[in-house]
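1. take this sequence and fold it.
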Amino acid sequence: MRIVQVTEFGGPEVLVAGQATDPVAGSGQVVVGVSVADILSIEVQLRSGWGAEYFNLSPPYVPGSGVGGEVISVGEGVDPAWIGRRVVTGTDGGGYAERAVAPAEELIPVPDGLAVREATALLQIGPAALSLVEAAGIKPGERVLVTAAAGGLGSLLVQLAHAAGAHVIAAARGRRKLDLTRELGADTAVDYSQTDWPERVREATGGEGADVVFDGAGGQLGRSAFEVTARGGRFFAYGVLGGGFAQVDPGEAERRGVSVRGIEQVQFAPGDARRLAERALSEAAAGRIRPVIGQTFPLERAADAHTAIEIRDAVGKTLLLI
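-> As a prediction, this is how the structure comes out:
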C-alpha cells in the first residue's frame with residue numbers, strides 16, 4: 001500500500017511517499033480503507049522536531065491520527081457487519097496511508113446525509129471545539145475572542161460562540177480569512193498581522209477586553225490575546241502555531257482573576273473523544289455546524305499540505321485524499 005512517512009525531523013521535504021505491507025487486523029481491530037486522512041497543525045510542528053518533551057516520536061514514522069473511509073476487514077472478536085460501513089476513527093499514527101488499523105471500539109459510523117470528507121474533518125476538531133465551548137460556559141452577550149479563527153478548530157469555535165449568543169471577535173491574518181470568519185458569524189474581525197490588533201479588540205469590547213479567549217495561535221500572538229482578556233475572564237491556551245503555547249504569568253493571571261486552561265482541555269480519554277465526535281457529526285448532519293475544508297491534497301503531496309499550513313496559507317481544514 002502507499003504511505004507517506006517522516007524520514008527525519010525537518011521541513012516539509014522530509015515527508016516522503018513510499019510503499020508498505022498491507023496491515024492485518026488483530027484481535028479487536030479492523031482495517032479501514034482510507035479515503036480521507038486528517039491533518040492537524042500539531043502534526044506539522046511535530047514533524048519539525050518540536051514537542052519532544054510532550055510526545056514520544058522518532059523517525060521514520062507514518063503520521064496521521066485520524067482517518068475516514070470504509071471498513072475492509074475485521075479481526076478476531078469483531079462483528080463482521082462492520083465490513084463495508086462508512087466510518088471515521090482515530091489511529092495511533094499511520095493515517096497517511098491507503099489502509100489503517102484501528103480498534104473496533106473507536107469506530108464512529110458516518111451519519112446518513114454527511115460525507116466522509118466532512119466527517120473526517122470534524123473527527124478531531126469537533127470534540128475539541130465542543131469541549132472548549134462547554135468549559136467556557138459562554139453566556140449570551142459575552143465577548144468571545146478567537147485567535148486563528150479561520151483555521152479548522154477556530155472556524156468551529158466562531159460558529160459555536162455565535163450560536164451561544166456571544167459577541168464574537170475573530171482574529172486572523174489577511175482579508176480572505178477575515179471575510180470567512182464574518183460569514184461564519186463573527187461580529188468583529190481583526191487582522192493580527194497589524195500591530196494595533198490588540199487595540200482593535202479593546203475597542204470592540206468597550207475597553208474591557210474579552211470575557212472568553214480561545215487561543216489557537218500561541219506564541220506572541222497568544223500572549224497578546226491574554227493581555228486583552230477581561231478581568232475575571234477565561235483564557236484557553238491550546239494553540240502552538242506561533243512556535244509554542246502562549247506564555248502566561250500565573251501571578252498576573254491571579255491578580256486579574258483570569259482562569260487559564262491549557263492543552264489538557266482538548267485531550268480526551270477514548271470514551272470522551274468518541275462521545276464528543278459522535279455529537280459533532282450529528283450536529284453537522286443536522287446542519288447546525290459545518291467544517292470549513294479549505295484545501296485538499298492527494299496523499300503523495302502531503303509535503304505541500306504541510307507547507308500550506310506552515311506558511312499560514314491554509315484556510316479551515318486541510319485534508320489528504322487517498
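
2. could you find the closest non-adjacent residue to I309?
-> With sequence-adjacent residues excluded and distances taken as CB to CB, 6 or more residues apart in numbering, I309 is closest to V44, at 5.0 Å. All C-beta spots, glycine's among them, are computed from the backbone N, C-alpha and C.

3. let me see the contact set for that neighbour.
-> Going by CB atoms under 8 Å, 6 or more residues apart in numbering, V44 touches 306, 309-310.

4. can you check L184 too?
-> Counted by CB under 8 Å, 6+ apart, L184 has contacts 155, 158-159, 162, 170, 292.

5. closest to Q5 among these?
-> Here the nearest of the contacts of L184 to Q5, counting by CB to CB, is V292; it sits at 28.2 Å.

6. can you classify F268 by secondary structure?
-> coil (DSSP: H, G, I helix; E, B strand; the rest coil).

7. separation between the residue found closest to it once you drop the neighbours it is linked to in the chain and D38?
-> Of all residues not flanking F268 in the chain, P127 sits nearest, at 6.1 Å (CB to CB, 6+ apart). Separation of P127 from D38 (CB to CB, to the nearest Å): 12 Å.

8. between those two, who's got more neighbours?
-> Shown here are P127 and D38; by other CB atoms under 10 Å, D38 has more neighbours (26 against 23).

9. quick check: bridge partners of that one?
-> As for beta bridges, D38 partners with L319 under DSSP bridges.

10. so the residue nearest to F268: helix, strand or coil?
-> Following three-state DSSP, P127 is assigned to helix.

11. quick one: it and P270, what's the gap?
-> According to CB to CB, P127 stands 11 Å off from P270.

12. hmm, back to that, mind listing what the residue nearest to F268 touches?
-> P127 neighbours (CB under 8 Å, 6+ apart): 266, 268, 272-273, 276-277, 280.

13. with V74 instead?
-> Contacts for V74 were tallied using CB under 8 Å, 6+ apart; they are 25, 29-31, 80, 82-83, 104.

14. now the strand or helix carrying G233: average pLDDT?
-> Following DSSP states H and E, one finds G233 within strand 229-237. The pLDDT scores in strand 229-237 average 97.

15. for stretch 148-160, same thing?
-> Rounded mean pLDDT across stretch 148-160 is 97.

16. what of stretch 49-67?
-> Averaged across stretch 49-67, pLDDT comes to 90.

17. and stretch 200-208, by the same measure?
-> Mean pLDDT, stretch 200-208: 97.

18. what's it in contact with?
-> Residues outside stretch 200-208 that contact it (CB under 8 Å, 6+ apart): 143, 145, 167, 169, 171, 187-188, 190, 194, 209-210, 225, 228, 230-231.

19. let's see that with 10 Å instead.
-> With contacts defined as CB atoms under 10 Å, 6 or more residues apart in numbering, stretch 200-208 is touched by 142-145, 147, 167-169, 171, 187-192, 194, 196, 199, 209-211, 213, 224-225, 227-231, 233.

20. packing partners of the strand or helix carrying E278?
-> E278 is part of helix 270-285 when elements are defined by DSSP H and E. If you count contacts as 3 or more CB pairs under 10 Å, 6 or more residues apart in numbering; DSSP states H and E, helix 270-285 packs onto strand 86-90, strand 108-109, helix 116-136, helix 152-163.

21. dump the ones you listed to TSV, plus distance to E254.
-> Shown next, in TSV, are the helices and strands packed on helix 270-285 (distance: least, CB to CB, whole Å):
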stretch	distance to E254
strand 86-90	36
strand 108-109	40
helix 116-136	19
helix 152-163	26
